[in-house]
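Engineer: With the sequence up front, the predicted model follows.
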Amino acid sequence: MNVIDLFSGVGGLSLGFEQNGFKVLFANEIDENISYSYKKNFPKTECLSKDILQIDLKKEFSRFEKKISVIIGGPPCQGLSQKGKRKWFSDDRNFLFKNFLQVVEIVKPEFVLIENVPNIITANNGYFLKEIKSIFNKIDYQITSKILHANRFGVPQKRRRAFVLARKKHINFELPEQNNLKTTFIESTNDLPELKSGEGKEFTQYNKEPENSYQKEMRKNSKGVWNHISTKHSKIALERMKFMKIGGVRTDLPEEHLTKSIFSGTWSRINPNSFVRTITTRFDTPSSGQFTLPNQDRCLTVREAARVQSFPDNFIFYGKRTNQMIQVGNAVPPMMAHSIASLIKKNL
């Protein structure tokens, strides 16, 4: 069961499929720093770090014709808008989506899985989804789609993403809505070493035993903890943290500390017994969202955010920390990908 991953990012989808016995033969990611991390974590996969617009698609992908079971990926759709009516597919900003479909036409996999923002299904009364369905029908694919919630798949995070699954023949099944697992923030991270602001190392040994099945799963085949370094917060940020409450709001701060931050959850602490809000690419900053730990005066490290995204500890993020945060924040949670891969595997 062979896979191609386009717009792969660091490989959240790839990992979920590989954990199900699929073999990712080829991946494409434009960002060289992100593709470096991909290559290090998937050494057996051919990863091309190049703008897909600069690739001769016929020349590059014809060698995979009818040898691939699934093409996966999240082609950017910058032209998505909830306002107005226009031919979405003719919008030049969505040209990357066209390239994605051109690869599908060349390779002819049995399944195609697209991950994207929820708007692709809900905006304009489903206009964009109808467009996608029409396009797939023209190349003899049927589709099913659903907005899935990461926390219903054992991921300790409130993350909503749209998934569109296309198949060469009739689809007589639905995308899974859950896998009956539930993990809270504290259950996902409290075995990791505690840190103060500015502390941590790129690699350190575990200093606690795993306390539950999630932690045991995350620690499989890992010799220790990578990417566990806390951002060194400013003096004023640390002062504000003294007033921050679990699940609170920014107005909990004294008047002299109030800021104009507009992000949901800003200047409040994560509820340890619930799910984390959507991990973004700036989870190291208390003014960017609810990313401050319940009992430690600091924000999430890359490793803690990776745990919240369901990446195992032996999945290492490389490069500058700002790029590592992009790698984690933009990824598909592997546990979500795993459940969808299981369904595809069953129907292949």
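Structural biologist: In hand now; what should we look at?
Engineer: Report the contact partners of residue 295.
Structural biologist: Applying Cβ atoms under 8 Å, 6 or more residues apart in numbering to residue 295 gives the contacts residue 272. Bear in mind the C-beta positions are built from the backbone N, C-alpha and C, glycine included.
Engineer: That one falls within a strand, correct?
Structural biologist: No. Counting by DSSP: H, G, I helix; E, B strand; the rest coil, residue 295 is not part of a strand but coil.
Engineer: How about the backbone phi and psi for it?
Structural biologist: Per-residue torsions, residue 295: phi -120, psi 10 (degrees, to the nearest 10).
Engineer: Do I have it right that residue 281 meets residue 331?
Structural biologist: No. Counting by Cβ atoms under 8 Å, residue 281 does not reach residue 331; the two are 10.2 Å apart.
Engineer: Neighbour count: those two, which is higher?
Structural biologist: residue 331 (26 against 16; other Cβ atoms under 10 Å).
Engineer: Against residue 51, how distant is that one?
Structural biologist: 20 Å (Cβ to Cβ, to the nearest Å).
Engineer: Same question for residue 29.
Structural biologist: The value you get for residue 29 to residue 51, if Cβ to Cβ is used, is 10 Å.
Engineer: and what of residue 188?
Structural biologist: Distance from residue 188 to residue 51, by Cβ to Cβ: 35 Å.
Engineer: Looking at these two, which one has more neighbours?
Structural biologist: Remark: of residue 188 and residue 51, residue 188 carries more neighbours, 24 against 10, as counted by other Cβ under 10 Å.
Engineer: Am I right that the more buried one falls within a helix?
Structural biologist: Yes. Residue 188 forms part of a helix when assessed by three-state DSSP.
Engineer: mind checking how far the helix or strand containing residue 71 is from the chain centre?
Structural biologist: When elements are assigned from DSSP states H and E, residue 71 belongs to strand 70-73. Relative to the chain's own centre, strand 70-73 is displaced by 15 Å; criterion: Cα atoms, centre = their mean, to the nearest Å.
Engineer: could you give me the average pLDDT of the next helix or strand after it?
Structural biologist: Scanning forward in sequence from strand 70-73 by DSSP H and E, the next helix or strand is helix 95-107. The pLDDT scores in helix 95-107 average 89.
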